[in-house]
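J.: fold the following.
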Amino acid sequence: MTGLAVGLLWIAGTSAAGFETRAGLPAPELKAHDLTGAPKTLADYRGKVVLLNFWATWCPPCQREMPSLERLRMKMAGRPLAIVAISSAETPEEVSAYLSKMKLGFPVLLDADSSNTRRWKVFALPTTFVLDAEGRVRHVLTGPAEWDEGEALAVVESTLAALPTPAKIGK
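T.: Sure, this is the predicted structure:
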């Protein structure tokens, strides 16, 4: 990345612009690998609300946001929520070094060539997409959030509340 692009990403990522609600169009394709090299797609998380967070280890707002994502994961244990972080334009070694200091219980995927970052039209880090159980984009946030409280938690809760219940499916 050029210095200007990195600077623009960092500047844009320093404050949240607020959640953008989407019409529920199908999410773009996601093809990534975890740190063991196992391939992952959105189909791996079908049936769950997915919080898909594009980030980088060098991004200060991303670093500040990660602990709140982990707290959200713990708070939502047993509920149909998948938190997935996608490291943009970094090597497995860079991500592993960061994760050796910051223990996270949710999957971290690699987007070393930024193909997913481009396909999802991510222009600033962090950017987070909230997907419904059918893989449709419901909300987007450009910038960091405290995911386990306030507006961010309300967005996650409302998306979870919209999941079909077994009683609704049977009718």
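
J.: how about residues contacting the helix ranked longest in the chain?
T.: Counting residues, the longest helix found in the chain (DSSP state H) is helix 60-75. The set of residues that contact helix 60-75 without belonging to it, under C-beta atoms under 8 Å, 6 or more residues apart in numbering, is 10, 13-14, 51, 53, 55-57, 81, 83, 85, 102-106, 125-126, 143-149, 152-153, 156. Bear in mind the C-beta positions are built from the backbone N, C-alpha and C, glycine included.

J.: quick one: average pLDDT of that helix?
T.: Helix 60-75 shows a mean pLDDT of 97 in the predicted model.

J.: next SSE downstream of it?
T.: The element immediately downstream of helix 60-75 (helix or strand, assigned by DSSP states H and E) is strand 81-88.

J.: check which element follows the lowest-mean-pLDDT helix or strand in the chain along the chain.
T.: Within the chain, no helix or strand scores below helix 3-12, which has a mean of 38 by mean pLDDT, DSSP states H and E. The first helix or strand that comes after helix 3-12 along the chain, using DSSP H and E, is strand 19-21.

J.: and that following strand, how far out from the chain's middle?
T.: In terms of C-alpha atoms, centre = their mean, to the nearest Å, the gap separating the centre of strand 19-21 from the centre of its chain is 14 Å.

J.: likewise for stretch 56-68?
T.: Its chain's C-alpha centre and that of stretch 56-68 lie 12 Å apart, by C-alpha atoms, centre = their mean.

J.: stretch 153-164 too?
T.: Counting by C-alpha atoms, centre = their mean, stretch 153-164 comes out at 15 Å from the chain centroid.

J.: what's in contact with it?
T.: Contact partners of stretch 153-164, identified using C-beta under 8 Å, 6+ apart, comprise 19, 49, 51, 72, 76, 79-81, 130, 132-133, 138-139, 141, 147.
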